[in-house]
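Visitor: A predicted structure for the sequence below; I have some questions about it.
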Amino acid sequence: MDIDRFNRFRARLSRDNSVGPLGILDSMASRYYEEKDQDLDIRPPFFRDVDRIGHSLSFSRYIDKSQVFFEVNNANITHRSLHVTLVSRVARQVGRLLALNTDLIEAIALGHDIGHTPYGHLGEEILNEITEKYGLGTFIHNAQGVRWLFYLEKRFPTKPAEGLNLTLQVLDGILCHDGEVNEKRLKPVEINGKTWNDHFKEYNDCFHENKTKRIPMSYEGIVVRFCDTISYIGRDIEDAILLKFINRSDIPENCREVLGDTNRKIMNILIKDLIDFSFENEEGYIGYSDEIFKALKELKQFNYDYIYSRRDLFIKDNSGKTFMEKLRDKFNLIFEFSLKDLEMENHESPIFKDHMEYIDDRDFSIYYKKYKEQDKLSWIVRDYIAGMSDSYFKEISERVKK
């Protein structure tokens, strides 16, 4: 391809001509290290990040990670792969109307839950308890997602893990997505104002204090953060109704009147209000009107009280243990067995065969040596368990209990 045609094609793929004053231009993208072939690639930087995330093994594992309901034999129930697709669709719709960079939005949306453990937020809570017990600080899936994409994933199958070299703007959006937090409005402190040092500080702080409020450096990241909630709040209700966990009439009356009583109505009203408020707001905030935000907070609380909390405590086995209690036992057992296998250098164990050999398939990897020398092999175990799919976790838990 001649250089003139190459540049014309690259210009057509670029978002710069469609991005307004609040958006991040392709030319503003920042990678941690320069790549020799970056000027030979027709794809703009955030477009390339979408591809890198989509081809990662972490992304592949979405297909077997639960969203809310676990071990349910019903193909109609939402899984993590569908959730991130919905977030991407909704966020790009909002981003297009606000003249933001939709390639950046898509990359953040598709990567935002990469760090989730098996069994969703329940697994995250349990793994956090375990890692605090082992002196590893706190565990939060936002930071673990960045860890996978920046450190543990491979760009090339023949090389040890070196990360995907994603842009700062994408990694920041993933680290700061926090869709579970209740916020009426939000804007970047300064558009594109963070440096790589700022990012690494926020990332490292996550392992010591995960309650710190992290604000995305871009409006694109903020849109994904709001659309994360929009994409799960009503969908979780529909799943709960489908499984006869709740009835539609259980939804609070005020929420039904303001937001509706179906996922379609709830999403439609939230998206329209988000766009209306954000267009009319002269201070540059993305957010909701007072009435809609109040109803959304009430609906979130309903979901926690009637779906998420009840799910964890509802089912008991013959021993009288809840699902969460049984799951906690399995997490602890896998952690202990895997740590022992690392300490004994059992190269035939699952953690070596299924995790270590992917990160670095040499006999004694840099990854292993680094943490062994620091007496922190438990870090590797945390990576291993955090990256498991639900069915793989179940398989390993059956193996170690024998």
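Guide: Ah, there it is. Given the structure is predicted, the values throughout are model-derived calculations rather than measurements. Numbering: from 1, shown residues only.

Visitor: So which residues of the stretch 201-350 of the chain form strands?
Guide: For the stretch 201-350 of the chain, the strands defined by DSSP state E, counting those that start in this stretch occupy 286-287.

Visitor: Tell me how many other residues crowd F245.
Guide: Look at F245: counted by other CB atoms under 10 Å, it has 18 neighbours. Quick note: C-beta positions are derived from backbone N, CA and C, even for glycine.

Visitor: who are the neighbours in contact with K372?
Guide: L342 (CB atoms under 8 Å, 6 or more residues apart in numbering).

Visitor: Ramachandran coordinates for it?
Guide: Per-residue torsions, K372: phi -70, psi -40 (degrees, to the nearest 10).

Visitor: and it, what pLDDT?
Guide: With respect to pLDDT, K372 has a value of 85.

Visitor: Could you do the one 10 residues further on as well?
Guide: At R382, the model reports a pLDDT of 95.

Visitor: Correct me if wrong, but it is in a helix.
Guide: Yes - the assignment for R382 by DSSP: H, G, I helix; E, B strand; the rest coil puts it in a helix.

Visitor: and the closest residue to it other than its chain neighbours, what pLDDT?
Guide: Counting by CB to CB, 6 or more residues apart in numbering, R382 lies nearest to T131, which is 5.4 Å off, once chain neighbours are set aside. pLDDT recorded at T131 is 91.

Visitor: now swap in D2 and tell me
Guide: For D2, the predicted pLDDT is 66.

Visitor: quick one: the closest residue to R61 other than its chain neighbours from S60, how far?
Guide: For R61, ignoring the flanking residues on the chain, the nearest one in space by CB to CB, 6+ apart is S389 at 4.9 Å. Look at S389 and S60: by CB to CB, to the nearest Å, they are 9 Å apart.

Visitor: what residues are up against the most centrally placed residue in the chain?
Guide: With distances taken as CA atoms, centre = their mean, the residue of the chain nearest its centroid is D113 (1.5 Å). D113 sits next to Y62, K65, R80, H83, V84, H141, G145 when contact means CB under 8 Å, 6+ apart.

Visitor: Against I63, how distant is the closest residue to the first one other than its chain neighbours?
Guide: Yep, that's Y62 we're talking about. Among residues not flanking Y62 along the chain, S81 sits closest, at 3.9 Å (CB to CB, 6+ apart). Relative to I63, S81 is positioned 5 Å away (criterion: CB to CB).

Visitor: just the contacts of D113 now: which is nearest Y306?
Guide: Of all those, Y306 sits closest to H83, with 19.7 Å by CB to CB.

Visitor: pLDDT averaged over stretch 79-96 - what is it?
Guide: For stretch 79-96, the per-residue pLDDT averages 95.

Visitor: ranges for the helices of the stretch 301-402 of the chain?
Guide: Secondary structure of the stretch 301-402 of the chain by DSSP state H, counting those that start in this stretch: the helices cover 309-314, 323-343, 350, 357-359, 366-373, 377-386, 390-400.

Visitor: And for the stretch 151-300 of the chain?
Guide: With DSSP H, counting those that start in this stretch applied, the stretch 151-300 of the chain shows helices at 168-175, 196-205, 219-242, 253-258, 263-280, 290-303, listed in chain order.

Visitor: Just put those helices in JSON lines and tack on mean pLDDT.
Guide: Shown next, in JSON lines, are the helices of the stretch 151-300 of the chain (pLDDT from 0 to 100):
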{"stretch": "helix 168-175", "mean pLDDT": "97"}
{"stretch": "helix 196-205", "mean pLDDT": "94"}
{"stretch": "helix 219-242", "mean pLDDT": "96"}
{"stretch": "helix 253-258", "mean pLDDT": "97"}
{"stretch": "helix 263-280", "mean pLDDT": "94"}
{"stretch": "helix 290-303", "mean pLDDT": "96"}
